Every structure is written in structure tokens, then in C-alpha cells.
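*Asks:* Model the following, please.
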Amino acid sequence: MTNHLHVSPLFGDGAVLQRGKSIRIWGEALPEALVRVSIDGVEASAAADGIGAWQAVLPPHPAGGPHTLTVTSGGETFVAHDVLYGDVWVLGGQSNMQLWMGRLAERYPDEVAQAKDDRVRCFIVPEVEDFHGPREALGGGSWLVEGRDDYVSVSGAGYFFAKRLREHVDVPIGLLQTAIGGTTIETWMGEAWLNRIGLLPADHGKWRNDAYVKALADDYAAAFARYEAVVDAMDRGLAGDWASPAFDDSAWDEIALSDAYAPHPAFAGPAVVWIRKTIDVPERFVGKRARMFFGTLTDADECYVNGEPVGQTGYQYPPRNYEIPELTARTTIAFRLRIDTNSGGGFRFGKRHRIVCAGETIDVDAMGPWRFAVAARTPAAPVQTFLSRFAAACYNGMIAPIGRYGVKGALWYQGESNASRTPVRYADKMMALIQCWRETFGEPDLPFIYAQLPNIAFEARGWAKLRDEQRRALAVGNTAMTVLIGAGEDNDLHPLDKETVGSRFAYAAESLVYGASHDSMGPIVARAELIQGAITVHFAHCGGGLEAASGEELAFDVIDPRAGGRPGCETLRGYVSSPVTVTIPLPCDRLFGEDTRVRYAWGDSPRPVLRSREGLPASPFEIDLEV
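*Replies:* Predicted coordinates for the structure are as follows:
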């Protein structure tokens, strides 16, 4: 029998519906058929249109449940069990919003196992790009219930947001997860909004050519297959079985893993480099299963233990946490590292390299240097085109199809990809994105909370500028920005501390949405002015008042374009002079022009010195000096 009645997967078992708002339920049925929807004794009906699309509207309902949602039409019935009314939050952005609980297990090893709050649920929107226009419906997906379903794929930032929020807000929390690693802000915006701000690419129409898109994908797949074949054929290590514990590497050079990274000439790319070490395993671990924690490598690796493959990773960002089936008294570990670009690669600096067995740690770094050899100098890898990074693609495929779903607010963590390209006009894009989503979800004042990029000490081109662009987007009302300076990892694009991220998101939501008396965020610069031989910097969102971290100097950069006929910068010390101001004393003869600017915490990895008494760091900034 053909099933004609279909209901959006958003309304499946375990769904969380937005409390206190009219709820639209939609799907497909026979053309012009009558559809009836009921939940908790409340009913609504709708007639399908000429092609079978229908939408029914349920009246507002208070938080609670579980309820059963029933949809009937033409003798067919759809039933969703365990449906709750609560607050629904959209999670958007790129990899640091997407970073899933399973990836965070090294920092939070027992968190998922101990998570038992079945009033927290997450719907992971399927990853879809579409250049032909906004989609009406999702092609799949289901609700994950905390404590019942496997929660390892749920956003860590979203998980900790909901956990913190549930401590203060006694209603069910639903998360709609839409983030994808590496995406730009442009892909999450509708074409019309990009066009309004003059940033829709002139050649955008080419992506609507399916044959062109398919040819790009096919050409890349073929080129990468050729590249791998060429590299494998050039690799002396594969030919010589350098993974084998019997291989004699005594003539190789030695290096500590902390130094095994470009600019060391051996790790200049593109190349294949092998790194090996044989370790003596304490007797109590012999014969037992273990797990390696070796940080991140640039770019791709294959790892062997006693000649057998134990894991491989195709790109630089995931941590190399590989299972060892059985430790032996003498265990040989070999990495075949493929460096794909001219930028070089190797083991990321500052990472620990350890093996965990039976709850104990073997400190591999304490066991001395490794041996290494260059197996081949290779051509560079072909560059892949990721469709999810182009204008409107993810908006059309993932945001538009959920736009009718009732939501409470949105959380956003993105910017890394835009910073590495160009941070210019990111504030304009951010403000347009907020308004685009408000229009899409039918909420003109939708609360929008976003993360400012944290500290990092590599791959940080443009991050300081982009942070300031993020700050400037606060010009849009009913928004808040969580400052993450100090919560990043200088040697990792994906810091594991998502508890701080989620907690600060929740802290902002408590104030912005739920009526808490505290500020929604940390100190934000308001203006800087020259007063009686000193610069006075005024701040908003100071909570209980400004303070400087104990023992830390409060430094500001003053940029004077007139200095010596070229831009000049000097660093001056300041002090907290009132609960909402900082004073920067000046030499008595110091004069400034109209274009002078004041900067705070400007750089890839600044120190979070200025903060509110509640411990929230002040946002980095660049601001004009009023003279």
C-alpha cells in the first residue's frame, strides 16, 4: 500500500515543540485531502493543496509533556510519541559549534555516559547544500533524547548550553543543530540578504548548473586519486616496509615530537615523512589494550603499531586518538605523515603524546627522541572545492527547511573561515545574517547570541580584525556576544573547552531571554575620549564593575597615523578608574590627531586582563579616539 501521508521529520518521536507560540505542523498528503492534527486534547486541521503540501497550526501550549502527536488523513495515521513543549534553540556556525561530544571525550570522558536529562533533546539537521533556492522540506533526521539515545554526535557547545540552562530554567530544551565545519557566514545567508548588502558574488549563478558542479566533484576525485597513487609510488617507506618493527632505523636522524614541525627542513612540504619509535612497555601493561593520544598532525597520517595499521586521518584537524589492540614488551610505533602543501606540516607544537592503558598514562614524551626520515618529496595535493562554503548553499538546504519551526532563539559560533579569507565587512554580513534568520523564522526580534573567536597562536590570519567586526555587530538589538579570549588553545583550531562556551551562551540567554538580573555578556567598549591629559575609555555591560586580573598589566595600543609621517603605535598602561571606565595616563606633551585609534587585546592570542567582577572577559576592540 502506498503511503500518501508524510509529516516533516522535525515532528517525530521525542520532538520538542516551542511552548507559548502557535505551532505549524506540515507535510504531504493526497492533493486537496483533509489533514487533522491533535496533541494533548487540542486539534487543528488543514487541506492539502493541489500538489499535496499541507500545514496545520496548533494554538500556543505551555511547557510540559510527554504528549502524543497524531496526524490523520485519508485513512492513514502518523503518530509521534514522547513529544514535549519547551524552548527550542537553533545552533549555527562551523566546526567549533559542530564539534561533537564524542570528539570531546578526552576532556570530558564520562560526560555522555552520565548525561541522563531526558528533557534535553537534539535534532541534527542533515547536511545539504542547494543552489537552486530555499528548500521547503527536510530529507531526513530524527530527535536524539539525552540519556536514551547515543549523544556522541551532539554539539558540545549546545550540550553544555542546555545543561547550564536547565539548572536555571525548568522547561524542556530542544536543539536544532545546523553547523558544518569549514563553512563561511555567506553560505548560511539567503541570496536576497547578500544581494541587499552588495555581497552576492557576480558569478553565483554558475553553482545552479548541476553539470558544472558534478564535473568539479568528479574532476577533484579523479585528481586526488592520481595524486595518492603518485605519492604512494614515490614513497620509499611503503616499498621498504618502514612500518615493520624489524626495520632498522638506526641510521635515521632523531627529533623530539615537539620539534617535528615546519620550519624544520625535513617537514617542509609537500612530502612524505616517516617517524618511528620503539618503546619499552612496563610489564603491567603488556598484553593489554591501550589508546594513543597524539594530538594533531598536518596533514594526513597512517599510524602503525608493531607493523599493523591502527588508524589513519585524512586531514590536519582531528586528534590522533588511536586504539592499540595489544601492547607488547617492545612496542614499535610508526607514523607515515603525508604533507600535502607547500606550507609544511608535522606534529602540532605543544601537544602531549601519551598512551593510556588500564586508567594509567605512559608519558611517551619522557621516553626521548624519535627517529625520522623523508621518504619522498612529492607534488602538492589538488585543492578541493567545498560547496558548503559558497553563498546561500547551506541556508537553502538546512535553514530554510526549518524556518517554519517555532524557536526561542539562536546560538552562533563561526568566523574562522572568514578570518582566513578576509574579515573585511564581516560585521555587515553578521548583521544581515541575524536579520535574515529573524525573517526566516518569523521572529522580528529573535534573540541571537554568538561567540567571539578565542585565542589561537597559529593559522590566525585576520582573527584580531574579525573579533572586532564581531563586536561591531552588537549594533543589532536583542543580541549578545560571548567573549572567549582565554578559553582557546593556542595550538589547536578546535579547543576542547566547550563547557566554557556553552556556559557563557547560557549565561547570556538567562539575561537576554529569561529575565536574570545579571548582564548578558562581559565589558564592551563604548567610546574613548581625550580628557585632561589622559585617555578615558568607557565600557558597557560591566556587571558589578570593571577589574584587572591580579598581577597583570592593563595595556592599550594607541595608533597615531601622523607619527613620523607614517602610522605609529605605542603601548601605554592604563588602570581601572571607575566601575565603568579605564584611564590611560599620557605624557604631558602628547598630542593626537583626529584619526587616532585605541586598541585593546589586539593580536592572535591576547591575554584576558580586563574583565567584569563576575569574571567575564572584556572584548578586544579597536575604536576611534575622540579628541
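*Asks:* ok, the residue positioned nearest the centre of the chain to residue 417 distance?
*Replies:* By Cα atoms, centre = their mean, the chain has its centre lying nearest to residue 96, at 1.7 Å. Distance, residue 96 to residue 417, using Cβ to Cβ, to the nearest Å: 11 Å. Where C-beta positions appear, they are placed from N, C-alpha and C, glycine not excepted.
*Asks:* and the residue nearest to residue 381 when sequence neighbours are not counted, what are its phi and psi?
*Replies:* Leaving aside its sequence neighbours, residue 381 sits nearest to residue 340 (Cβ to Cβ, 6 or more residues apart in numbering; 3.8 Å). Residue 340 adopts backbone torsions of phi -90, psi -20, taken as degrees, to the nearest 10.
*Asks:* Looking at residue 340 now. What's its pLDDT?
*Replies:* pLDDT for residue 340: 97.
*Asks:* How about residue 189?
*Replies:* So, for residue 189, pLDDT stands at 98.
*Asks:* do the one 3 residues further on as well
*Replies:* For residue 192, the pLDDT comes out at 96.
*Asks:* Report the secondary structure element holding it.
*Replies:* Take DSSP states H and E as the rule and residue 192 turns out to sit in helix 191-196.
*Asks:* What mean pLDDT does the next helix or strand after that helix get?
*Replies:* Sequence order places helix 210-234 as the next helix or strand after helix 191-196, per DSSP H and E. On average, the pLDDT along helix 210-234 is 97.
*Asks:* list the helices and strands helix 210-234 packs on?
*Replies:* Applying 3 or more Cβ pairs under 8 Å, 6 or more residues apart in numbering; DSSP states H and E, we find helix 210-234 packed against strand 370-377.
*Asks:* Give the other helices and strands that the strand it packs on contacts.
*Replies:* Against strand 370-377 (3+ Cβ pairs under 8 Å, 6+ apart) you get helix 210-234, helix 236-239, strand 253-255, strand 271-280.
*Asks:* hmm, try it at 6 Å
*Replies:* If you count contacts as 3 or more Cβ pairs under 6 Å, 6 or more residues apart in numbering; DSSP states H and E, strand 370-377 packs onto strand 271-280.
*Asks:* Residues touching the strand it packs on, excluding its own?
*Replies:* 235, 237, 242, 249, 330-339, 367, 370-378 (Cβ atoms under 6 Å, 6 or more residues apart in numbering).
*Asks:* Need the buried ones from these selected in PyMOL.
*Replies:* The buried residues among those can be selected in PyMOL (16 or more other Cβ atoms under 10 Å) with this line:
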select buried, resi 235+237+242+249+331+332+333+334+335+336+337+338+339+370+371+372+373+374+375+376+378
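*Asks:* quick check, distance from the helix holding residue 192 to the centre of its chain.
*Replies:* Mean-position distance between helix 191-196 and its chain equals 24 Å (Cα atoms, centre = their mean, to the nearest Å).
*Asks:* for stretch 609-627, same thing?
*Replies:* Worked out by Cα atoms, centre = their mean, stretch 609-627 lies 24 Å from the chain centre.
*Asks:* i'd like the first residue to be 55 from this point on
*Replies:* Got it, first residue is 55 now, which makes that one stretch 663-681.
*Asks:* Just the buried residues of it, please?
*Replies:* Buried-residue list, stretch 663-681, by 16+ other Cβ under 10 Å: 663-666, 670-677, 679.
*Asks:* swap in stretch 636-651?
*Replies:* Neighbour counts over stretch 636-651 (16+ other Cβ under 10 Å) mark 636, 637, 638, 640, 646, 650, 651 as buried.
*Asks:* same deal with stretch 213-227?
*Replies:* 213, 214, 215, 216, 217, 218, 219, 220, 223, 225, 226, 227.
*Asks:* Run through who's touching it.
*Replies:* 70, 117, 138, 140-141, 155, 173-174, 552-553, 556-557, 559-560, 564, 568.
*Asks:* Closest one to residue 368 out of the residues you listed, please.
*Replies:* residue 155 (22.0 Å; Cβ to Cβ).
*Asks:* List the contacts of the closest one.
*Replies:* Per Cβ under 6 Å, 6+ apart, neighbours of residue 155: 166, 205, 206, 208, 210, 213.
*Asks:* swap in residue 639?
*Replies:* residue 588.
*Asks:* so it bridges to which residues?
*Replies:* Legend: beta-bridge partners of residue 639 under DSSP bridges are residue 588.
*Asks:* swap in residue 109?
*Replies:* Going by DSSP bridges, residue 109 forms beta bridges with residue 80.
*Asks:* my guess is it meets residue 82, correct?
*Replies:* No. Look at residue 109 against residue 82 with Cβ atoms under 6 Å: they stay out of range, at 10.5 Å.
*Asks:* sorry, back to before: could you list the residues in contact with the helix holding residue 246?
*Replies:* Against helix 245-250 from outside (Cβ under 6 Å, 6+ apart): 254, 445, 446, 486, 490.
*Asks:* make it 7 Å
*Replies:* Outside helix 245-250, the residues that touch it by Cβ atoms under 7 Å, 6 or more residues apart in numbering are 240, 254, 445, 446, 486, 489, 490.
*Asks:* Quick check: the residue lying closest to residue 271 once chain neighbours are set aside vs residue 275, distance?
*Replies:* Excluding the flanking residues, the one nearest residue 271 by Cβ to Cβ, 6+ apart is residue 439, at 7.8 Å. Counting by Cβ to Cβ, the gap from residue 439 to residue 275 is 11 Å.
*Asks:* Just the terminal-to-terminal distance for stretch 179-186.
*Replies:* 19 Å (Cα to Cα, to the nearest Å).
*Asks:* how deep is residue 302 tucked in, by neighbour count?
*Replies:* 7 (other Cβ atoms under 10 Å).
*Asks:* Let me know the helix or strand that it is in.
*Replies:* Using DSSP H and E, no helix or strand contains residue 302.
*Asks:* for it, phi and psi?
*Replies:* Dihedral angles for residue 302 - degrees, to the nearest 10 - are phi -90, psi 110.
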